[in-house]
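# let's see this in three dimensions:
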Amino acid sequence: MLSLTKFGIFAIVLCLLFPASSVYGHGTGIDTIYSIDIQGKEISITVEMPMYFENDQEQITITATEKETKENAKNITFLIGLFHNNEMIFRNYFFAEDGVLVIKIIPTQEGKVTIRGEQDSMLGAWHGTESNPIEITGPLFNSGGLYNFEIEVRTIDEPTNIIENSGIYNADLSIIETTSFIQKNTENLDVQFSVKSYFDKISNFEYDSEAKQVAFEMPFDWSEKQMSHVPIVHVEVHFPKDLTEFFALGYSGYVNGIKLFKSSVTIDDYTEEDKRIVHFMLLQDHLRFLKNEMKKSNESLPDNLVFTLFTSENIELPLVAYTKSEDFKLNLSWDPVEIEPGISTNFVFTIRDGQTSEPLRNSDYTFIIIQNEKEIYRTSGTAQIGGYFEKFTFAEDQTGPMIIKFENIRNTGQETEFAIVVVPEFGTITLIILVTSIVAMIFVTKRNSFRFSI
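As a prediction, the model looks like this:
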């Protein structure tokens with residue numbers, strides 16, 4: 001077995017320092033339309049709404065901001081159309097004196113969509129006050145999937161400054177929807193799969209127990225106009241942990257027959273106690289890659305995403321984990337890949353910004369190895385270029401589950417952890433994720449605060 005030279009360690013550090021795709025586990029509850037030119041003034045419009053409409057009343061906030069001053073636009077009138085499943089829900093004028101439009105939403109199961117508030121005499125635009133806010137009541141946001149806001153700007157600066165043909169701009173936001181599917185396992189028994197979509201509706205779900213694969217579809221518009229403001233397509237596949245035929249070390253993901261990057265498919269075994277979750281995470285760059293690959297072999301692009309998930313026995317590094325606050329993201333790899341007692345192991349890691357994935361220079365840390373809830377090694381250091389390594393040689397009695405823990409990252413008190421199992425009789429390592437009761441509570445209260453990649 002080859003030992004890791006200083007050059008080899010440096011090479012791995014460089015690989016980990018190269019920007020990696022974040023597995024940030026959020027849906028799309030916010031969308032921003034950038035660079036809108038209104039009479040020579042550049043503004044942006046941000047639309048925010050909940051990803052679940054579970055309460056009796058929710059809120060949509062639309063904000064217009066001037067790029068030059070970074071302040072909210074004044075006396076702006078929007079013409080807003082809301083569409084879902086290619087059907088228009090409403091289309092009306094709305095006025096925001098301070099550039100911030102707040103709309104209270106009161107969903108009902110039946111009836112007509114009704115708007116309440118005050119209206120001006122020029123365009124009939126709805127506007128609200130603290131005592132009389134804009135309210136929209138009716139059967140809206142009752143189902144999951146993609147909602148399209150079609151927005152025009154009709155006044156700015158002054159309420160009487162009416163603008164014609166300012167252009168139509170689109171913001172897309174999603175309501176998270178979970179759909180269950182009953183499938184047959186290899187023994188012809190019913191197994192419940194479920195798919196949580198943070199983007200659009202799922203259809204044509206199939207589980208092939210012989211091929212050990214899952215497949216399903218989602219509608220998707222491949223036009224640049226649509227893709228330019230889609231930051232991520234996020235879908236979760238949930239299935240029982242006791243479905244041993246599909247419970248594997250790792251998975252390979254495909255979309256429309258094209259293999260995804262390993263960072264696009266991640267595993268979560270602790271958000272739900274009795275279920276495994278496999279995440280598909282397609283960033284905008286990944287979507288463009290898929291589009292370019294499809295254009296090489298097809299004259300026309302499809303109108304959907306066809307996801308396929310296969311089991312895999314391959315272990316791929318680095319692993320990825322976040323701190324509870326998601327301020328920091330850590331990559332962890334090691335050499336040799338086969339961890340054995342008596343052989344020096346180099347644990348190579350990178351400390352990154354949780355939002356941008358950029359390596360953070362001069363990052364202090366405490367590196368700990370824990371066996372059976374007892375520390376067997378602790379050291380502190382500084383990753384001057386964001387990435388570094390620590391060496392450790394396991395003793396003959398130091399086998400089985402081990403937690404690799406990073407504490408007090410950048411002197412913030414924040415921490416995260418990874419886990420491995422050293423199984424010398426098999427000559428290789430088996431990866432699992434171990435969490436303390438504290439981390440388990442984090443999963444109950446804050447979904448996706450701890451994630452990893454295989």
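
# for His234, which non-adjacent residue is closest in space?
Closest residue to His234 apart from its sequence neighbours, by CB to CB, 6 or more residues apart in numbering: Tyr198 at 4.0 Å. In short, each C-beta sits where N, CA and C put it, glycine included.

# likewise for Ala383?
Nearest residue to Ala383 in three dimensions, chain neighbours excluded: Ser363, at 4.6 Å (CB to CB, 6+ apart).

# residues touching the one you found, list them.
For Ser363, the contacting residues are Ile351, Thr382, Ala383, Gly386, Ile409, Arg410, by CB atoms under 8 Å, 6 or more residues apart in numbering.

# returning to what we had before: pLDDT at the residue nearest to His234, what is it?
We have a pLDDT of 88 for Tyr198.

# give me phi/psi at it?
When quoted as degrees, to the nearest 10, the phi and psi of Tyr198 stand at phi -100, psi 10.

# ok, it to Gly253 distance?
Distance, Tyr198 to Gly253, using CB to CB, to the nearest Å: 16 Å.

# pull the number of nearby residues for the residue nearest to His234.
Tyr198 is flanked by 23 other residues according to other CB atoms under 10 Å.

# how much space between it and Ser174?
As for Tyr198, its distance to Ser174 is 6 Å (criterion: CB to CB).

# again, but for Phe199
From Phe199 across to Ser174, the span is 5 Å (CB to CB).

# could you pull out the helices for the stretch 351-454 of the chain?
Defined through DSSP state H, counting those that start in this stretch, the helices belonging to the stretch 351-454 of the chain, from first to last, are 437-445.

# sketch out the low-pLDDT regions of it for me.
When residues are selected by pLDDT under 70, those of the stretch 351-454 of the chain lie in 400-401, 419-454.

# so where do the strands sit in it?
Listed in chain order, the strands found in the stretch 351-454 of the chain under DSSP state E, counting those that start in this stretch are 363-371, 374-383, 387-393, 400-407, 416-423, 428-431, 452-453.

# quick one: which of these is nearest Leu332?
strand 416-423 (5.2 Å; CB to CB).

# let me see the backbone angles for the nearest residue to Gln414 once chain neighbours are set aside.
Closest residue to Gln414 apart from its sequence neighbours, by CB to CB, 6+ apart: Thr323 at 4.2 Å. With angles defined as degrees, to the nearest 10, Thr323 sits at phi -80, psi 170.

# kindly report the same for Tyr34.
Torsion angles at Tyr34 (phi, psi; degrees, to the nearest 10) stand at phi -100, psi 160.

# if we can go back for a sec, contacts only, for the residue nearest to Gln414.
Applying CB under 8 Å, 6+ apart as the definition, the contact partners of Thr323 turn out to be Lys329, Gly354, Ile409, Gln414, Glu415, Thr416.

# present those as a markdown table; the columns should include neighbour count.
Listed next are the contacts of Thr323 as a markdown table, based on neighbours: other CB atoms under 10 Å:
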| residue | neighbour count |
| --- | --- |
| Lys329 | 25 |
| Gly354 | 17 |
| Ile409 | 21 |
| Gln414 | 18 |
| Glu415 | 20 |
| Thr416 | 24 |
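
# closest to Phe261 out of those?
Of all the contacts of Thr323, Lys329 has the smallest distance to Phe261: 16.5 Å, by CB to CB.

# flag every buried residue along the helix or strand harbouring that closest one.
Applying DSSP states H and E as the criterion places Lys329 in strand 328-335. Taking 16 or more other CB atoms under 10 Å as the neighbour-count basis, strand 328-335 is seen to contain the buried residues Phe328, Lys329, Leu330, Asn331, Leu332, Ser333, Trp334, Asp335.

# list the contacts of stretch 148-166.
Stretch 148-166 has contacts (CB under 8 Å, 6+ apart) with 31, 33, 36, 38-39, 41, 43, 45, 47, 62, 64, 73-84, 91, 93, 95, 120, 122-123, 125, 167-173.

# sorry, that was for stretch 121-132
For stretch 121-132, using CB under 8 Å, 6+ apart, the contacting residues are 77, 92-97, 102-103, 115, 117-120, 134, 154-155, 159-160, 162.

# 7 Å instead?
Residues from elsewhere that reach stretch 121-132, judged by CB atoms under 7 Å, 6 or more residues apart in numbering: 77, 92-95, 102, 115, 117-120, 134, 154, 159.

# try stretch 215-224
Contacts for stretch 215-224 (CB under 7 Å, 6+ apart): 195, 197, 199-206, 291, 301, 303-308.

# name the SS class of the residue nearest to Glu272 when sequence neighbours are not counted, please.
Beyond its immediate neighbours in the sequence, the residue positioned closest to Glu272 (CB to CB, 6+ apart) is His238, lying 6.9 Å away. On the three-state scheme (DSSP: H, G, I helix; E, B strand; the rest coil), His238 is labelled strand.
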